Structures are given as C-alpha cells and as structure tokens.
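A.B. asks: Return atomic coordinates for the entry below.
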Amino acid sequence: MRPADVDMPFLAAVGTAVDTAVEQTLAEVPQGLNGWAHRQLMDRMKLLVGAYLFGGSSYHENVELLAAALTLASTLRDLQTPNGLFYGGDNVSSPPDSAFTVNDVCDTIEVICRAESLGSTPMLNRVKKALEVIADAAEPALVAGGIHTPNHRWELSAALARLYRRRPSPQLYDRILEWLAEGIDVNADGSYSERSANYAAHVSNPSLILIGDVLQRPDLHEVVEVNLASTLELILPDRMVETVHSRRQDQNDAFSLSPYLVAYRRFAIERQRGDFSWAAEQALEAGLDGASTIIAELLLNPGLSQKLPACEAPETHRRSLWPDSKLAVDARPERTIVVYGGSDYAQAGRVRSGLANNPTFMRLFAGEAVLDAVRLSRTFFGLGPFRASGFTVREGGESYALSEAVGASYYQPLAESERSTKGQYQLEDEGRFHAAMSFSRRERDRIQLETEIVVTPTDAGAHIDIDMTGPKAPWVLELTFRGDGTFLGGLPLSSRDVHFVDGSGVYRIGETELVVTSDAARNQAVAPGYSPGEDYEFLGATDATTGRHAYLTGNSPGRFSIDVSVRGHGVAGENRG
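C.D. replies: I've put the predicted structure just below:
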C-alpha cells in the first residue's frame, strides 16, 4: 500500500487508544488475575500481543507485554474445565460463551503466525503455543455444543471457522454448514431477529464477516451489508444507534455507534460506499471502542488502514420506516423524531428477556435538547404502561398510529359439573397472575381499555393525539428529558421532576427550549408518577427512565392532544456531516 493511500489520522487514533488500553491493562494485571473472567483475560491478552506487533503503538516490541500475556494465558488455562469449556459466569458449561474467548484465542494465534514470516521471538512463540493448547482443548466441545440465543449460532460458527482456518477438518466444516443451514435471521427491514444494535455490532456482523472470509461465502457479507445499510438510518444526532425496538438488554440503554467502526470502514473501502464512509467517520468521532479488536483486525486485514472514499452524509430531510420492527425515524435539520410501536408484550402477555418490552413510544432530538422518552402510564389492573401492538402509517406517511387494547376479567361461578366439594381447583395463569381457580373453565366479564396514539411530526417537533376508550381510569403521561436543564412552568415535585398542571411548560437547556402544550383536562386527583405495572412491581423492580421528568395527568375515557416543539435551535443535525 502506498503511503499516500494510508489514513494516517485513523492509525494515529488507533495507536493512542491502544496505548491507553495497554497502560491500563498492565496496571491492572496483578489484581485482575483474581477477578477477570475468561473473556476479559483473553481480550487483554489479544490487546497485549496486538500492541507488541503494531508499529503504531509506543509499546511496539516491548517484551513486557509478552511476559504479561504469558501470565494471562496461564490463568486462562486454569479456567478451562476438563471438557474444554471455560468456567465462569451464570451460563454454566456454555459453548457460546466459551466461543467468544476461543475467537480471540484463534485471532491472537493468527496474528502471531503472520508475524512469524517477519521473524518471531522465542517469547512470542511461547505465547502462541500456550494459546494452541487452549484452542485444542476447546475444539471438541465447540463442535458438539449447542446455543440458546439467535446470535450464538453465528458466534459459535465463527469460532469453528477460526479453528478451521488454523487446522481444517471435515468435522469443523460440516458443523458450520449445519448452523448456517438454519438461515441468517435478517428480516425485510435489514435487522437481525433480536433487533439489537449491541449484538449486531459485537456478534452477528463480525461473525458473519469472518465466516464469509474463511469459507469464501460472499453471500454472508451481503447480509452484513444489508444490516449496515439499515443501521445508517438508525444513527441519531448524538452518534448513538436507536435501540428502543431491541429485544435484548440494550432496549433501555443508549448504544454508541463506536463498535460499528470496523465493519463500516471495511465495507466502505471494499464496496466504495460513501455513506458507509460517513458512518465510519461518525463511529470514530464517537470514540474508539474495543482497542483489542481494532488492533487485531488491522493486523489481519491491513487494508482497513486505507483512506476512505469521500463521505456521503444522509439527506437532511428524510423519513425512514422499519415495518417489521414497527419503527419510524423522521429527520429534519430542526429535529429528529423516533416513533415506536413494536412491543412484543401483547403477544407474549409478559415481560421477559428476549422480548421487546420498552414502553417508550416517541423520542425527539434537537441538539443538546433531547426528549428521551414519552410514555403513557395507567392505573388499570396493574397491566402497566401503554405498549403498542398495532402500528399504522397514515396520511401519506405523515402520521403514525399506535394502538393497544388491554383488559382484565371478573370470573363467574363454576358450572355445577366443574365444582369440587373439596375446593381444589387447577392452578392457572389468569393473564395477570396465577391462582388455584380453574380460570379457563369459568365464564368471564372482561373490562377493556383501548388506546390509540397518533404521532404527527411537524417542522418544529411533533403533535400527539391520544384517545382512550373504556372505563374511568387514571393516566399519567411522562416526558423524560436528558441533561440538567431547567423547567419553566409547572408544579415542582422534586429537585428534578415537575407536574405540568396547566397543560403546558418548557424544558430549557443551553440555548434550546422544548415547549410542551396540551389540551388535557387538569386532574389534581391523579398523582403524577410512572407505574411500571405488576410485572415489575411484584419483584420490587422497575423499568423507569432516568433523567428529568415532566408529567401530565388525567382520566380515561377521553381524547387529548399534546404538542412538543423546538425553540431557539437552528440545525439539530449539524454534527451529522
């Protein structure tokens, strides 16, 4: 590669991040040996070996790194059980959890093997041999092992592919094909079935890229490209990736674009995509994440250091839709709005790991002023907040209608033929709780609350219409704001929360204001506050948001509207290009 083709600022940023990580790792090694799990141990070993071999690090060819790596290798071997899997974590005897570590083991072996052509040191060879013992011990268990989440198929297959790269065998090859034969779980939206930015960035995409490399399967790279293209429209003005629709742990957390750096950079270069170049630059600006992985990828694929094609930023006015996830993003210079109606709660009837449970139905970004969540909480049989089960695009794509129907029942006496003289009845799930009542054999009277929320993006913000049909029940609309801004108007509830008792108020942060106005009828009898519902409350838990909260209150049935508009902010997306 000609020097003129090398992206020197990128390499300099990598070198700085690697040096910082190495310095921290060397300081932590003595204590970490007693507390690091197997994945942490191997991640740090990969970092140390990578920094030793990377010319852009000030630790290049520093043998202190290899001495520390050998110590870590010994500790890692001690964590390997007789069946080859690693001890540690709540997933006991876990092939996929062990696969994460074996992937790093094999990449570290590979970078050492490639460096041997330049002449390796005896100590570097000792590190390789120590890792080869670990890889050999793990291989049979990974070939035979199973998984328990969708992304585990690709993580485990990537470990098998790396073992195959090192030492090909029919058993490894056939097992990879067996997993791949299930089909890659990408839907029409370009999202994986878990809809998780975290697992796409850290597991599915890098795994499928690696398997495609080793098995020469360009179709797997095409899947990754589709996912990366879909993710482009999920990149928010704060360089986070939208996760409100996720089915995994990140559905309640902000997720940085940073871990997408390597994938966007590689495909930008290989496919000459300027839009991916823009995303790669944004990921770099978000901060380098995972120095060990980036350095290993650079050593294994030096082409990643090439200059990117010219960046192509997204259109300043755009409206994107993910029908399968029931998610919409409406972006304009003044603001970006996210509308979500794809909860799994209606289908499953409960909150569970692996389901999309987040009750946030709208978010708004306008520079430093961010409305992180809008949620509708109800006091209705402990069934929790509004979680849309219906999502419809209306009026030529100008509005989004979200709908939900929830209800509970009162049960009639059992028919004479169903009665037990001893009062013993089947323990059954009523939908809200279990009881020895033989619910399924009783006639019931159902009380139902139907809610429709229509979100209409406007130039300055959003207009929301909420219509509730059913019995009288208290409701609380909660707005969660990011940062340490101040509220103007409303009744203070605490140092951070306020009740907009007159239906209007302002949240000010910096030079920007988010103005809230509503025609909701004031109801002093309804206590402002968020209720997560019985799914959380009986465990003493909550899915409440953190931040500054403002509340509107009222009673169903009825209809009310709310407007949220941006004031004093010129271009919400000024950092997107």
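
A.B. asks: Low-confidence bits of the stretch 451-577 of the chain, can you list those?
C.D. replies: Along the stretch 451-577 of the chain, the model assigns pLDDT under 70 to residues 522-524, 569-577.

A.B. asks: Try it again at 90.
C.D. replies: Within the stretch 451-577 of the chain, the ranges that satisfy pLDDT under 90 run 489-490, 495, 501-503, 520-527, 532-539, 543-544, 568-577.

A.B. asks: State the distance from residue 352 to residue 234.
C.D. replies: 24 Å (C-beta to C-beta, to the nearest Å). (C-beta placed from N, C-alpha, C; glycine too.)

A.B. asks: Of the two, which one has the most company?
C.D. replies: Neighbours were counted for residue 352 and for residue 234 using other C-beta atoms under 10 Å; residue 234 has more, 23 against 12.

A.B. asks: that's a helix at residue 231, yeah?
C.D. replies: Yes: under DSSP: H, G, I helix; E, B strand; the rest coil, residue 231 falls within a helix.

A.B. asks: which SS class is the residue lying farthest from the centre of the chain?
C.D. replies: With distances taken as C-alpha atoms, centre = their mean, the residue sitting farthest from the centre of the chain turns out to be residue 421, at 53.4 Å. Reduced to three states with three-state DSSP, the structure at residue 421 is coil.

A.B. asks: tell me the pLDDT at it?
C.D. replies: pLDDT for residue 421: 90.

A.B. asks: list the contacts for it?
C.D. replies: Residue 421 makes contact with no residue under the criterion C-beta atoms under 8 Å, 6 or more residues apart in numbering.

A.B. asks: how much space between it and residue 439?
C.D. replies: 20 Å.

A.B. asks: How about residue 438: what's its closest non-neighbour residue?
C.D. replies: residue 425 (4.0 Å; C-beta to C-beta, 6 or more residues apart in numbering).

A.B. asks: Is the one you found located within a strand, as I assumed?
C.D. replies: No: read with three-state DSSP, residue 425 is coil and lies in no strand.

A.B. asks: List phi and psi for it.
C.D. replies: Main-chain dihedrals, residue 425, degrees, to the nearest 10: phi -130, psi 160.

A.B. asks: where does it land on pLDDT?
C.D. replies: Confidence score, pLDDT, at residue 425: 95.

A.B. asks: which residues touch it?
C.D. replies: 414, 436-438.

A.B. asks: again, only using 7 Å
C.D. replies: 436-438 (C-beta atoms under 7 Å, 6 or more residues apart in numbering).

A.B. asks: Unless I misread the structure, residue 373 falls within a strand.
C.D. replies: Yes: when three-state DSSP is applied, residue 373 is found to be in a strand.

A.B. asks: Residue 545 is in contact with that one, correct?
C.D. replies: Yes: with contacts counted by C-beta atoms under 7 Å, residue 373 reaches residue 545, the gap being 4.9 Å.

A.B. asks: Tell me which of the two has more neighbours.
C.D. replies: residue 373 (26 against 20).

A.B. asks: What values do phi and psi take at the nearest residue to residue 220 once chain neighbours are set aside?
C.D. replies: Nearest residue to residue 220, sequence neighbours excluded (C-beta to C-beta, 6+ apart): residue 212, at 3.6 Å. When read as degrees, to the nearest 10, the backbone of residue 212 gives phi -60, psi -40.

A.B. asks: how about low-confidence regions in the stretch 51-200 of the chain?
C.D. replies: Residues of the stretch 51-200 of the chain meeting the criterion pLDDT under 90: 88-93, 114-122, 148.

A.B. asks: The stretch 251-400 of the chain now?
C.D. replies: 252-254, 289, 316, 334, 342-357, 381-382, 395-398.

A.B. asks: pretty sure residue 505 is in a strand, no?
C.D. replies: Yes: under three-state DSSP, residue 505 falls within a strand.

A.B. asks: distance of the closest residue to it other than its chain neighbours from residue 45?
C.D. replies: Leaving aside its sequence neighbours, residue 505 sits nearest to residue 489 (C-beta to C-beta, 6+ apart; 3.9 Å). Remark: distance between residue 489 and residue 45 (C-beta to C-beta) = 56 Å.

A.B. asks: quick one, which of these two is more surrounded?
C.D. replies: Higher neighbour count among residue 489 and residue 45: residue 45, with 29 against 16, using other C-beta under 10 Å.

A.B. asks: who touches the strand or helix carrying the more buried one?
C.D. replies: Per DSSP states H and E, residue 45 falls inside helix 38-53. By C-beta under 7 Å, 6+ apart, the list of residues contacting helix 38-53 from outside reads 18, 21-22, 25, 57, 59-62, 65-66, 68-69, 72-73, 75-76, 79, 86, 88, 100-101, 104-105, 107-108, 111-112, 115, 127, 291-292, 295-296, 299.
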